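Chemist: Show me the folded form of this:
(chains A and B)
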Amino acid sequence: MKRLILLLIAVAIALAAAGASPAGPILAQAPNCSAPFLIDVTFGGGARWEMCWEHRASEGIVLYDVYFTSPGATRRPVFGQAGLAQIHVPYDDNGARFHDLSDYGLGNSNMNDLTPAECPGGTLLQYNGKDVLCQMVENHSYYYKYYTTKALAGELTLFSVSHIGEYNYVPRWSFGEDGHIGAEIGATGRLQRFGNNASYGWPVRTGSNPYAVSHMHNLYWRLDFDVGGKEDDLAEEFDLLPTPDTARRTIVKTELVTEAARPVSPTAMRFWRVRDKVIVNADGRAISYEIEPVSSATYRGPSNEPWTQNDFYVTIYKACEKWVSHNPTTGGCGGDVTAFVNGESVDGKDVVVWYGVDFHHTPRDEDEPNMPIDWHGFHIKPRDWIATSPVVASPTAPGTASPTSTATSTPSPTATTTSTATATPTPTDTPVPLPTACARGDANCDGAVDAGDLTCVVVMIFNGPDACPVP
Amino acid sequence: MPSNSPHPGSRLWVFVALAAALIAPAALLLPGQSDQAGSAQAARTGFDPLSEAEASRAEAIALADDQVQAILAGSTRTQVLVVERHQEDKAVYAAGGWPRRADALVYDYAQDHLVQAVVSLDSGQVDEAIAADRVQPPLTPEEGRRALDIALADPVTGGDIHAAWAQATGGAPFDGDALEPHPWVFRFDSVPEGTFPGTEDCGLHRCTQLMLATRDGLLLDVLPIVDLSAERVAHRGAAEGGS
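Modeler: Numbers count the residues shown, from 1 in each chain, chains lettered A, B, ... in the order given. Modelled structure (predicted):
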């Protein structure tokens, strides 16, 4: 027994040493939740998303411990936590300025009990007997295509529905096989304010108060990035600035080393990323995730709404900093995100990004009585997460991918939330060479040092790391 | 023990140990696997939201706690607003496991305190109880109903609601029970100063901006602001653009 214990210690030391390599930890911590609250999807092409979800009274659905594994790459954390941080709805006539998340709440009795028909082909996930979250794994579109070389990407989507006043919001996350993340809210339900002043709305009714009052929906997310781990992150801003004759554009990088509040800039084609300061891909480039702004409006409100003066905020992680506005001030915490930005260093720290998407809703006749759903959000995508586009060995054919479980309103107690997209190879697929970037010890170059690499690992233990070279 | 010059026997032990260490965790994560431990009835852990039983127990522990009762100081005008999992600091999460703890939020309308009790479900004790002013969680359905009753009892606002009902329904007999309150927390600083005179206490007081619709989806063009702490209408809510 003593010999076995010592051997296990040796194994642990060997694995720890391998985990300290620039390629990052080999065996990462698993999402910390029980099976009903775990989402774990592996696509036919090998990509995998894992995360926990929780129902919260104000935020609705919150995600924790979000991990992405790209085919041929190491499994890594992306977010420690991700969720909504406010829905701010100021009306054009100043008759109401709602803070839907903090002041109404997306959870509890305001969260809908979904039916199987609302989640076709998906899985309904329960919170205390209520079907609150629809998980779907669907075909999306091309991953890539070059003549006959092609791959199709699947997408995991998660959505819930919250009844806020007369509105129904549909917060939706999408997680792509290529690592992209979509954060959106669908706005539907019914219009909720009418008046008789043509300056502030659009006529949709007859009789008195025919004008539906126009309004903003300022949507904010809190993204607690843990790129490759919770420390060592840095946010960067990129502008594509034109030369004086506008014939050329140069890329200008600004490192946001202290907490910052920044505006969008469509003319500069501005984007941001959060990168790890230690972990690099096989080409030696820092792994990162970028925020890609997509917005049709930019809202700047009155002085009592300072958080509307910018769109992107980066702060150091603090547990009490939860919402962009009307943040609980218990224990002396700031009341809105502008109070969170107070000059602290975020260089190589645990970075939190707050991002806002504004859209203006000028009602139309079609919105009465039931509003067609209107989606708004933004994209988050990997940048240099991997050194080359991955081999997707078994492209998913359109219309054939399906999760292994189907929607049900009454999941059995043993139901798992895990589903796997199936894949059907097509005969015209052109073989693509294997990527050259594989972690040390990953003898079969499958993206993980696992049981398939035992011989190589054993050789490394006894004969040193060079005994089993990187493939 | 393994040495620098391993013999065949120790190699075998290493192989077995590695196989166990590497294969077992992978097997636990195989997609599609059914897991009895993951059933809805199983004990909650980690980031799992509170079960109904955990929430009920946390509420009972909080309300029976001496610290909480000392803050409430015998007030009879209180309401439990929210009971949910306590979000720990990430330093706690980093340890990989943490106790089941709940936040029980209780509002005291008489003192205008929000009492936040952090309840340990493992020990059955309140770990911390603090009172905060100007922290207003979302309103409960009971509070929405109470605000509607206050609004209906107000001569001016009650008249507004009856008129709006008549307009929305085409003159149907008034039925207050058929009204669905949609209550937002209202704070004076939610709007530019001077927008709604008379609401200056809102934020310190627990107030609501109350939207009303009939159960079959007819919206009433009213939006009164009701002060639940003072039990009065603070503003009838007439807006520049309409209602």
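
Chemist: C-alpha only now, for contacts and for neighbours.
Modeler: Noted.

Chemist: got the contact list for residue 108?
Modeler: Unless you meant another one, I'm taking chain A. Going by Cα atoms under 8 Å, 6 or more residues apart in numbering or on different chains, residue A:108 touches A:56-57.

Chemist: Correction: the question concerned chain B.
Modeler: Residue B:108 makes contact with B:72, B:75, B:77-79, B:114-115, according to Cα under 8 Å, 6+ apart.

Chemist: can you redo the residues you listed as CSV with distance to chain A, secondary structure and neighbour count?
Modeler: Listed next are the contacts of residue B:108 as CSV, based on distance: Cα to the nearest Cα, whole Å; DSSP: H, G, I helix; E, B strand; the rest coil; neighbours: other Cα atoms under 10 Å in any protein chain shown:
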residue, distance to chain A, secondary structure, neighbour count
B:72, 17, helix, 23
B:75, 21, coil, 13
B:77, 21, coil, 13
B:78, 19, strand, 18
B:79, 16, strand, 15
B:114, 9, strand, 27
B:115, 10, strand, 27
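
Chemist: May I have the strands that pair with the host helix or strand of residue A:183, each with its orientation?
Modeler: Residue A:183 belongs to strand A:181-189 when elements are defined using DSSP states H and E. Pairing partners of strand A:181-189, with direction, according to DSSP bridges: strand A:167-176 (antiparallel), strand A:371-383 (antiparallel).

Chemist: Extract the C-alpha trace of the first one and format it as PDB.
Modeler: Presented in PDB, the C-alpha positions along strand A:167-176 are these (Å, rounded to 0.1, in the frame of the first residue of the first chain):
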ATOM      1  CA  TYR A 167     -42.900  42.600 -22.000                       C
ATOM      2  CA  ASN A 168     -41.500  39.100 -22.400                       C
ATOM      3  CA  TYR A 169     -37.700  39.000 -22.500                       C
ATOM      4  CA  VAL A 170     -35.900  36.000 -24.000                       C
ATOM      5  CA  PRO A 171     -32.300  36.100 -22.800                       C
ATOM      6  CA  ARG A 172     -30.300  33.700 -25.000                       C
ATOM      7  CA  TRP A 173     -26.800  32.400 -25.000                       C
ATOM      8  CA  SER A 174     -25.200  30.600 -27.900                       C
ATOM      9  CA  PHE A 175     -22.000  28.600 -27.800                       C
ATOM     10  CA  GLY A 176     -20.500  27.600 -31.100                       C
END
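
Chemist: what's the average pLDDT for that strand?
Modeler: Throughout strand A:167-176, pLDDT has a mean value of 98.

Chemist: For chain B, give me the ranges with low pLDDT.
Modeler: In the predicted model of chain B, residues B:1-42, B:238-243 satisfy pLDDT under 70.

Chemist: quick one: the helices in it?
Modeler: B:8-28, B:52-64, B:66-72, B:90-93, B:141-153, B:155-169 (DSSP state H).

Chemist: Tell me who's in contact with residue 128.
Modeler: You didn't say which chain, so I picked chain A. B:51-52 are the contacts of residue A:128 under Cα under 8 Å, 6+ apart.

Chemist: My question was about chain B, not that one.
Modeler: Contact partners of residue B:128, counting by Cα under 8 Å, 6+ apart, are B:116-119.

Chemist: again, only using 6 Å
Modeler: B:117-118 (Cα atoms under 6 Å, 6 or more residues apart in numbering or on different chains).

Chemist: Ignoring the adjacent residues along the chain, who's closest to the residue nearest in space to the middle of chain B?
Modeler: The centroid of chain B falls nearest to residue B:82 when counting by Cα atoms, centre = their mean (3.7 Å). In space, and not counting its chain neighbours, residue B:82 is closest to residue B:105: 5.2 Å by Cα to Cα, 6 or more residues apart in numbering or on different chains.

Chemist: quick one: that neighbour from residue B:58, how far?
Modeler: 11 Å (Cα to Cα, to the nearest Å).

Chemist: picking up where we left off before, please identify the deepest-packed of the strands paired with strand A:181-189.
Modeler: For the strands paired with strand A:181-189, the largest average neighbour count (mean count of other Cα atoms under 10 Å in any protein chain shown) is found in strand A:167-176, namely a mean of 21.

Chemist: Just the residues contacting that strand, thanks.
Modeler: For strand A:167-176, the external contacting residues (Cα under 6 Å, 6+ apart) are A:155-162, A:181-190.

Chemist: What lies in contact with stretch B:49-69?
Modeler: A:54, B:83, B:85.

Chemist: at 7 Å what do you get?
Modeler: A:54-55, A:128, B:83-85, B:102, B:104, B:117, B:119, B:121, B:124-126, B:129 (Cα atoms under 7 Å, 6 or more residues apart in numbering or on different chains).

Chemist: For the residue nearest the centre of chain A, give me its contacts.
Modeler: Residue closest to the average C-alpha location in chain A (Cα atoms, centre = their mean): residue A:181, at 4.4 Å. Counting by Cα under 7 Å, 6+ apart, residue A:181 makes contact with A:174-175, A:379-381.
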